[in-house]
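sharing a model that was predicted from the sequence below.
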Amino acid sequence: MSHPQLQESTGIPIKTKNKSTTPWVSFYKKLAKNKAALAGAIVVLIFTILAILAPLIAPYDPTAMDMSKRLAPPSADHWFGNDDKGRDILSRILYGSRISLTVGILSTILGAVVGVILGIVSGYYGKWVDSLIMRICDVLLAFPGILLALAIVSILGPSTTNVIIAVAFFAVPTFARIVRGSTLSVKKLEYVDAIRAVGASDFRIIFKHILPNITSPIIVQSTLYIASAIITASALSFLGLGTQPPTPEWGTMLAQGRSFMAQAPHISLFPGLIILVVVVGFNLFGDGLRDALDPKTKR
Amino acid sequence: MFVFIIRRLFQTIPVMIGVTLAVFLMMHLIPGDPAQIMAGERADEAQLEQMRENLGLNDPLYQQYFRYVGNAIQGDLGTSIRTDRAVTEEIFTNRIWITFELALYGTVLAVILGLIAGIISATRKYSFSDVSLMIVALFGMSMPNFWLGIMLIYFFSVNLGWFPTIGWESWKHMVLPVLTIGTGGAAIIARMTRSSMLEVLDNDYIRTAYAKGVHDRVVIYKHALRNALVPVVTIVGLQFGTLLGGAVITETVFAINGLGRLVVDSIRMRDFPMVQGTILVCAVLFVVVNFIVDITYRLINKRIELN
């Protein structure tokens, strides 16, 4: 059973309890029909498995130097070639995926949690709380591009942990705004008034009744945000302000290859290609999720 | 319209206060003594005290903030630790104009490519050209621009020798950086134009126009595109604003001495007054561009009421 009119008026799928067509089943069916989204999901899954299994499947130690193989092009032994210190690029990319995916996912989760809390509080309580939180978001959004992340890294210093914090900070206003909007439309629904009338506490209304009904935009935004978080994090490392060498990280590897472009373009080529593939995967998956979860964006 | 501008202007005041406060607090959030950071590691206690006195660091924080804003309004953003030059002089003599040019050309390229691709896609929905253009757009927006820049240098500068690898002097220097910076924006504008056009093409008045026997081209360019462009304008403005402050990567890859590279170099050298000043200028520019975009949006779409 579904509530088409409610969904239509709010733009938010309303949760119902009917086992034959639960939202998850219909969501899965919609997603499975979307081949592009499925391809994205497969790419994401493959890279997640590769990252988890990196120590088992990486052919070489990612930090072991072998100067006899300095700048060696791709070969049967080293599929992606070797870098300026003779290290195996494939192994470094595999290990690097652990850092890039962890940074992308952790910073998104951190930013989403803070953003969702601020967004719900803002939308639910309204008045001065709403104005205050939204003005703070406006200020954070006034720093264009990766400037906010750069400002935070310049305060905290370059490291992987600080990149996670910087990228998460960057995510907060985006999530807060989306969640605020969704909270406002759910709050207006009659069932929330009904629950309040029977004496439910604000805490219960927020976590038991509002949050479950605004998960769709949060999931969609999170998936899409991971894609840009991976790019922002590797951009910071590329600038020398993120993960520091010799730790294998895609952005750092790309930056190291810059000096050897003429002799060994493969050093920069492969890490960049991998970032592109992973980001395309997350974007395809996110677009598919949006189409499957958000009734407004049916095309 | 006048009322709208005034109200919108008032809305930017809290943002400006917040931005200046955030940038001002940066210096105080850095672990360590600001005087030590400004005077350098080798400064002795007497020099540090002198520095604190000069910078007014012994005053209450709110007084320091008001002084910072007061000075900033008068064009004084402090002095660079590294070069001893005034921060505003460094920013406004040359750097800002280079970044402005880069952002402008990048946006123009993004608009041209994005609009063409978006219109073709929307008018030939689900055709081969639509699908291929949208795949290209997906890759365009997913591509890390630092990688794109490096690859362009490899193919067109190192291999073919067509363009110089670094700098910002002649048009030849500009081709690769503009391509690098414009690609992502073009992809976003293409996707936006497509979905906006599709939405408009679904309207009754378009069907009526077709039913009247109006030529396809007239329907698309005169009736549909005009209305479809309204949301695209916002994206274009945002893109330009973002590029103004976010040309960091492109400027670093192509060694262009703009604002973005200034921020990165200053962070590396721990030249905090310069970092603060540049970030403040970029944020203020972004707020101003957003303000102009909102006004333009309102002008081209009079139906929108300020909510």
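Yep, that arrived. Numbers count the residues shown, from 1 in each chain, chains lettered A, B, ... in the order given.

so the residue nearest to the spatial centre of chain B is in which element?
The residue at the geometric middle of chain B, judged as the C-alpha nearest the mean C-alpha position with C-alpha atoms, centre = their mean, is residue B:242 (2.0 Å). When secondary structure is defined by DSSP states H and E, residue B:242 falls within helix B:225-246.

so is that helix next to chain A?
Yes. Contact of helix B:225-246 with chain A is found when judged by C-beta under 8 Å from any C-beta of the partner chain, involving B:241, B:242, B:243, B:244, B:245, B:246. For every residue, glycine as well, the C-beta is placed using N, CA and C.

can you identify the element that follows that helix toward the C-terminus?
helix B:248-253.

quick one: residues in contact with that following helix.
Judged by C-beta atoms under 8 Å, 6 or more residues apart in numbering or on different chains, the contacts made with helix B:248-253 from elsewhere in the structure are A:145-147, A:150, A:235, A:238-239, A:258, B:99, B:102, B:106, B:145-146, B:149-150, B:153, B:177, B:180-181, B:256-261, B:263-264.

please list all residues in contact with the residue nearest to the centre of chain B.
When contacts are taken as C-beta under 8 Å, 6+ apart, residue B:242 is in contact with A:144, A:145, B:286.

next one, pLDDT for residue A:12 please.
With respect to pLDDT, residue A:12 scores 59.

specify the local secondary structure of residue B:62.
What DSSP: H, G, I helix; E, B strand; the rest coil gives for residue B:62 is helix.

and the gap between it and chain A?
Separation of residue B:62 from chain A (C-beta to the nearest C-beta, to the nearest Å) stands at 18 Å.

one more: residue B:83?
The span separating residue B:83 from chain A equals 18 Å under the rule C-beta to the nearest C-beta.

helix, strand or coil for that residue?
At residue B:83 the chain is in coil, as set by three-state DSSP.

count the neighbours of it for me.
Using other C-beta atoms under 10 Å in any protein chain shown, residue B:83 has 14 other residues around it.

follow-up on the earlier one: buried stuff in the helix holding residue B:242?
Counting neighbours by 16 or more other C-beta atoms under 10 Å in any protein chain shown, one finds that the buried residues in helix B:225-246 are B:225, B:227-229, B:231-233, B:235-246.

related to what we said a few turns ago, of the residues of helix B:225-246 next to chain A, closest to residue B:217?
Of all the residues of helix B:225-246 next to chain A, residue B:217 sits closest to residue B:243, with 32.4 Å by C-beta to C-beta.

just to revisit the earlier point, from the residues of helix B:225-246 next to chain A, which single one is nearest residue B:162?
Set against residue B:162, the nearest of the residues of helix B:225-246 next to chain A by C-beta to C-beta is residue B:243 (23.9 Å).

which residue packs closest to the closest one, ignoring adjacent ones?
By the measure of C-beta to C-beta, 6 or more residues apart in numbering or on different chains, the closest residue to residue B:243 outside its immediate chain neighbours is residue B:103, 3.7 Å from it.

residues in contact with that neighbour?
Residue B:103 sits in contact with B:181, B:240, B:243, B:244, B:247, where contact means C-beta under 8 Å, 6+ apart.

ok, back up a step: want to throw the residues of helix B:225-246 next to chain A into a markdown table with pLDDT and distance to residue B:70?
Putting the residues of helix B:225-246 next to chain A into a markdown table (pLDDT from 0 to 100; distance: C-beta to C-beta, whole Å) gives the following:
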| residue | pLDDT | distance to residue B:70 |
| --- | --- | --- |
| B:241 | 85 | 26 |
| B:242 | 83 | 29 |
| B:243 | 85 | 30 |
| B:244 | 80 | 25 |
| B:245 | 70 | 24 |
| B:246 | 61 | 29 |
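
what's the neighbour count on residue A:110?
Other residues lying near residue A:110 total 17 when counted by other C-beta under 10 Å.

actually, residue B:202.
Residue B:202 is flanked by 11 other residues according to other C-beta under 10 Å.

pLDDT score assigned to it?
The pLDDT attached to residue B:202 in the predicted structure is 83.

give me the phi and psi for it.
Listed backbone geometry of residue B:202 is phi -80, psi -10, with angles given as degrees, to the nearest 10.

how close does it sit to chain A?
Counting by C-beta to the nearest C-beta, the gap between residue B:202 and chain A amounts to 10 Å.

pull the contacting residues for residue 225.
If you meant another chain, say so; for now it's chain A. Under the criterion of C-beta under 8 Å, 6+ apart, the contact list for residue A:225 reads A:108, A:111, A:112, A:171, A:174, A:175.

look at chain B instead
B:119, B:197.

now with 10 Å, please.
B:115, B:118, B:119, B:122, B:123, B:193, B:196, B:197, B:200, B:201, B:219, B:232 (C-beta atoms under 10 Å, 6 or more residues apart in numbering or on different chains).

re earlier: just the closest of the contacts of residue B:103 to chain A, please.
The shortest gap between chain A and any of the contacts of residue B:103 belongs to residue B:244, at 6.6 Å (C-beta to the nearest C-beta).

so that closest one makes contact with residue B:97?
No. Taking contacts as C-beta atoms under 10 Å, residue B:244 lies outside contact range of residue B:97: 11.4 Å.

quick one: common contacting residues for these two?
Common contacts of residue B:244 and residue B:97 (C-beta under 10 Å, 6+ apart): B:258, B:259.

could you list the contact residues of the stretch 201-307 of chain B toward chain A?
Applying C-beta under 10 Å from any C-beta of the partner chain, one finds that the stretch 201-307 of chain B approaches chain A through B:202, B:238-249, B:252-253, B:259-261, B:263-264, B:266-268, B:270-272, B:275-276, B:278-280, B:282-287, B:289-290.

how about a cut-off of 6 Å?
B:241-242, B:245-246, B:249, B:263-264, B:267, B:275, B:279, B:282-283, B:286-287 (C-beta under 6 Å from any C-beta of the partner chain).

how many residues are close by residue A:45?
Using other C-beta under 10 Å as the criterion, residue A:45 is surrounded by 12 other residues.

name the SS class of it, please.
Relying on three-state DSSP, one would call residue A:45 helix.

quick one on the thing from earlier: let me have the contacts of residue B:103 in JSON lines, extended by distance to residue B:206.
As requested, those are arranged in JSON lines below (distance: C-beta to C-beta, whole Å):
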{"residue": "B:181", "distance to residue B:206": "35"}
{"residue": "B:240", "distance to residue B:206": "30"}
{"residue": "B:243", "distance to residue B:206": "33"}
{"residue": "B:244", "distance to residue B:206": "36"}
{"residue": "B:247", "distance to residue B:206": "39"}
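
just the CA atoms of the helix holding residue B:242, as PDB, please.
Extracted as PDB, the C-alpha positions of helix B:225-246 are listed here (Å, rounded to 0.1, in the frame of the first residue of the first chain):
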ATOM      1  CA  LEU B 225      14.900  27.700 -24.600                       C
ATOM      2  CA  ARG B 226      14.000  31.100 -23.200                       C
ATOM      3  CA  ASN B 227      12.200  29.500 -20.300                       C
ATOM      4  CA  ALA B 228      14.600  26.600 -19.900                       C
ATOM      5  CA  LEU B 229      17.500  29.100 -19.500                       C
ATOM      6  CA  VAL B 230      16.100  30.600 -16.300                       C
ATOM      7  CA  PRO B 231      17.400  28.000 -13.900                       C
ATOM      8  CA  VAL B 232      20.600  27.600 -16.000                       C
ATOM      9  CA  VAL B 233      21.500  31.200 -15.300                       C
ATOM     10  CA  THR B 234      21.800  30.500 -11.600                       C
ATOM     11  CA  ILE B 235      24.200  27.600 -12.300                       C
ATOM     12  CA  VAL B 236      26.300  29.700 -14.700                       C
ATOM     13  CA  GLY B 237      26.600  32.400 -12.100                       C
ATOM     14  CA  LEU B 238      27.500  29.900  -9.400                       C
ATOM     15  CA  GLN B 239      30.100  28.400 -11.700                       C
ATOM     16  CA  PHE B 240      31.700  31.700 -12.400                       C
ATOM     17  CA  GLY B 241      31.800  32.500  -8.700                       C
ATOM     18  CA  THR B 242      33.200  29.200  -7.800                       C
ATOM     19  CA  LEU B 243      35.900  29.500 -10.500                       C
ATOM     20  CA  LEU B 244      36.800  32.900  -9.200                       C
ATOM     21  CA  GLY B 245      37.700  31.500  -5.800                       C
ATOM     22  CA  GLY B 246      38.300  27.900  -6.800                       C
END
